[in-house]
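# structure for this input, please:
(2 chains)
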Number of protein chains: 2
Amino acid sequence: MTGFFKVKSLDEVLGMTQRFSPVGIEALHIRDAFSRVLATDLIAGENLPGFRRACMDGYAVSAASTFGASESGPAWLILKGAIGMGDIPDFELAPGEAARICTGGMLPAGADAVVMVEYTEAVDEQSIEVYRSVAPLQHVMDETEDFATGQTVIEKGRLMRPQEIGLAAGLGHTRIRAYQVPRVGIISTGDEVIPVDKIPDPGRVRDINSYSLSALVTQAGGEPVRYGIVKDDPKALKSICKKALAHTDMVLLSGGSSVGTRDYTVEVLSDLVDTEILVHGISVSPGKPTILAKSGHIPVWGLPGQVVSAMVVFQVVVTAFLHRLRGLSRPVAPVKTSARLSRNLASSQGRRDFVRVVLEEDNQGLVARPILGKSGLIRTMVQADGLLEIGEHVEGLEKSSIVDIILLK
Amino acid sequence: MTGFFKVKSLDEVLGMTQRFSPVGIEALHIRDAFSRVLATDLIAGENLPGFRRACMDGYAVSAASTFGASESGPAWLILKGAIGMGDIPDFELAPGEAARICTGGMLPAGADAVVMVEYTEAVDEQSIEVYRSVAPLQHVMDETEDFATGQTVIEKGRLMRPQEIGLAAGLGHTRIRAYQVPRVGIISTGDEVIPVDKIPDPGRVRDINSYSLSALVTQAGGEPVRYGIVKDDPKALKSICKKALAHTDMVLLSGGSSVGTRDYTVEVLSDLVDTEILVHGISVSPGKPTILAKSGHIPVWGLPGQVVSAMVVFQVVVTAFLHRLRGLSRPVAPVKTSARLSRNLASSQGRRDFVRVVLEEDNQGLVARPILGKSGLIRTMVQADGLLEIGEHVEGLEKSSIVDIILLK
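Numbers count the residues shown, from 1 in each chain, chains lettered A, B, ... in the order given. Predicted structure coming up:
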């Protein structure tokens, strides 16, 4: 039980993401690309929509033919034909002419706007009256209005959300180049930890962390690889670390939260080839006894064994590094919501506190109610809807102050 | 081109989720249970942690032995032994005795608290001094402090987040009963729509909606099943609808945004066995021409063909129905953040507007900048970080007012 921590601030640790690099690249079909990160700029190979397209049901016209039209003085237009969906019109419009068109249809040459059907009346089979003028390009999408050939439409490093997938589809990019899904090795340590399918004797507990951390990895866009439980034995720990380092892109050890174990975790990590200890303690609560090492190009974490501490550190620290490995160019900020604090809350200066809260709705909006309970109690995380962050320089928060809550989804 | 819509409000439509039922139930291993919905209450079969456990490194004691201890008047305690991780202590503590213990260790009989190592000093091999008193149960988790045998620990209908997975693991529930993942059939309609791997002639466009909607379904916890593109032909549409209804739990048609096509979509749906049209138009913008039918127990949607409209309706309407099918007992509200509006914004009363916005950070916090652009432009969704909702009874919003933004993740 020796040594003091050289504790780092949360911001110092988050600044270290740039010391790691994104994982490799692969090609994949856009149907499998949701939530992946683009590895090369996506360039428009053609115009989108690629032709002048109606946005409303009505009549294609030359806008000039409608100028000055009103209820009392409608414009009278000759009906030149009707345009079917997907058809290339086989006629042109002259001034004073119109053609029936539906939303999505292609305007004929000579037309630059659409008059909504609501503002027209059929006079007879061959002509219509228009009661409102339209401006050029009104109710149409022009040929390059979404994108023009050669434009960068999605930048490298962007997350493929449903709309980015749709855009890639629209431009015919059926295959894209994306970063691989980072593989994250998960190792639980501790003589007292037993597999989840065993019944614990008194003094022993099941391996919660392997499962909660695996789900967190999946949620953050990684692929968990479970290496099971290792006893509090430096040799066994070293051997399993080497195995995980050979097959994954990031390694999470959890457990070893007692001072003695922490020390040997640091020793084991220091003893690995080409490995540097970057962090030995972070000024956050819960989660202070967190270790980060860089082994070759791989981040290796020693997370606290306490179930809540391990989850909180994952959410507020590890996720940023996983996002970096995924190739995301902009760090994805945790999703926050505002709420009113239900009570006074004390805090220690010099560290960032993350307090579990329940969110409740009252007639004035969302209320955040702190959950008090030890960081070994998984119950407190199951009750929690979010985490309230209290800054290093804040002594405490007053009842009814408006606070930002990191949502736990 | 006949008929007026009997337009319903968004709240009326959302109130219809209860007309549908969750899908079937299956058993699965907790390693596969992330983001699934629990189908039966999870009951604690044992106590958690199951024994009196240390939360700190230090000494197990009877709290009473430390009462009155201070820097100037420390308590002197006899060291009875040390407790290894996972061990059942083979001795009891009498008043005036202490035992070395690490975080997570089991307290011996007779001990009800832990003194942190920081507040002790070793006198010799057999005794320590304690400089601070502890209260009973301080720095320990009691046997049932997380959960007691027989307690409901997670209720039916709850989402399995990482913490719920961890809790199930901790209680040895390696298999749980969860609702199946709803299968969602996706059909694009329109004579102008071509497959994404084809090069469109003028007048034609690639099938964006099948891909953006598939990704939205995945994001909302469903499994997309693509049925491809069907021409604007009632017979073909009816045939593919029947096929989708036989194999999925919800069906999304998109396209048919022109009035004529809309009418035949309604006709085709009405013509299916045991099918009722529930909604024919919703007072939202974009997305007004949305249809909802109930065919047997299956919701069938006619979404607008415009790419943005289809995505917005999915986000603000369809998602709630998919959550219902997934078995979620509490509707999951869209994730919102507060921001300052960058400009004045007009709106029409009597309908709910959803305006795409970019979120930018300035020195006063988040700013929401509306994106202007037609609802046929996928670009506007790719630029968007969120949707600004403007209520039915609001005429417009003023520059710098604080608004809630639905995040598009």
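
# neighbouring contacts of the longest strand seen in chain A?
Counting residues, the longest strand found in chain A (DSSP state E) is strand A:352-362. Applying Cβ atoms under 8 Å, 6 or more residues apart in numbering or on different chains, the contact partners of strand A:352-362 are A:9-10, A:283-287, A:308, A:312, A:316, A:337, A:339, A:345, A:347, A:366-371, A:373, A:380-381, A:383-392, A:405-406. Every C-beta, even on glycine, is put in place using the N, C-alpha and C of the backbone.

# so which of those are also by chain B?
Restricting the contacts of strand A:352-362 to those near chain B by Cβ under 8 Å from any Cβ of the partner chain leaves A:Thr337, A:Met381, A:Ala384.

# quick check: which ranges of the stretch 101-250 of chain A have low pLDDT?
Applying pLDDT under 70 to the stretch 101-250 of chain A flags no residue at all.

# just the ones next to chain B among the contacts of strand A:352-362 now: which is nearest B:Glu267?
Closest to B:Glu267 out of those is A:Thr337 (43.8 Å), distances taken as Cβ to Cβ.

# between strand A:352-362 and the helix or strand harbouring that closest one, find me the angle.
Using DSSP states H and E, A:Thr337 maps to strand A:336-341. Relative orientation of strand A:336-341 and strand A:352-362, computed by axes from the mean of the first three to the mean of the last three Cα atoms, to 10 degrees: 80 degrees.

# check which element follows strand A:336-341 along the chain.
strand A:345-346.

# what residue is smack in the middle of chain A?
Geometric centre of chain A, nearest residue: A:Val332, 5.9 Å, by Cα atoms, centre = their mean.

# my guess is it contacts A:His323. True?
Yes - A:Val332 lies in contact with A:His323 (Cβ atoms under 8 Å); the separation is 5.6 Å.

# the residue of the stretch 201-350 of chain A found nearest chain B and A:Ala169, how far apart?
At 3.1 Å from chain B, A:Ser212 is the closest residue in the stretch 201-350 of chain A, using Cβ to the nearest Cβ. To A:Ala169, A:Ser212 is 36 Å away according to Cβ to Cβ, to the nearest Å.

# what does A:Cys102 give?
In this view, A:Cys102 and A:Ala169 are 22 Å apart by Cβ to Cβ.

# quick one: secondary structure of the nearest residue to A:His297 once chain neighbours are set aside?
Nearest residue to A:His297, sequence neighbours excluded (Cβ to Cβ, 6 or more residues apart in numbering or on different chains): A:Ser21, at 6.2 Å. Applying DSSP: H, G, I helix; E, B strand; the rest coil to A:Ser21 yields a three-state assignment of coil.

# A:Ile291: what's its closest spatial neighbour, skipping adjacent residues?
Closest to A:Ile291 by Cβ to Cβ, 6+ apart is A:Gly302, at 3.3 Å.

# about what we covered before: narrow the ones next to chain B among the contacts of strand A:352-362 to those that are buried.
For these, a burial check counting by 16 or more other Cβ atoms under 10 Å in any protein chain shown picks out A:Thr337, A:Met381, A:Ala384.

# which one among these gets closest to B:Met250?
Closest approach to B:Met250 among those (Cβ to Cβ): A:Thr337, at 28.5 Å.

# pLDDT score assigned to that closest one?
Predicted confidence (pLDDT) for A:Thr337: 86.

# so what's it bridging to?
Counting by DSSP bridges, A:Thr337 is bridged to A:Ile405.

# contacting residues around it?
The neighbours of A:Thr337, taking Cβ under 8 Å, 6+ apart as the test, are A:Leu359, A:Leu366, A:Gly386, A:Asp404, A:Ile405, A:Leu407, B:Val335, B:Lys336, B:Thr337, B:Ser338.

# could you count how many residues lie near A:Tyr30?
One correction, residue A:30 is Ile, not Tyr. By other Cβ atoms under 10 Å in any protein chain shown, the residues close to A:Ile30 number 23.

# what number of residues lie near the nearest residue to it once chain neighbours are set aside?
Distances taken as Cβ to Cβ, 6+ apart place A:Ala168 nearest to A:Ile30, at 5.0 Å, with adjacent residues excluded. By the measure other Cβ under 10 Å, the count of residues near A:Ala168 is 27.

# would you double-check that A:Ala168 falls in a strand?
No - judged by three-state DSSP, A:Ala168 forms no part of a strand; its state is helix.

# do I have it right that it meets A:Ala33?
Yes - in this structure A:Ala168 lies within contact range of A:Ala33 using Cβ under 8 Å: 7.2 Å.

# find the residues that touch each one of the two.
Common neighbours of A:Ala168 and A:Ala33 are listed as A:Met160, A:Ile176 (criterion: Cβ under 8 Å, 6+ apart).
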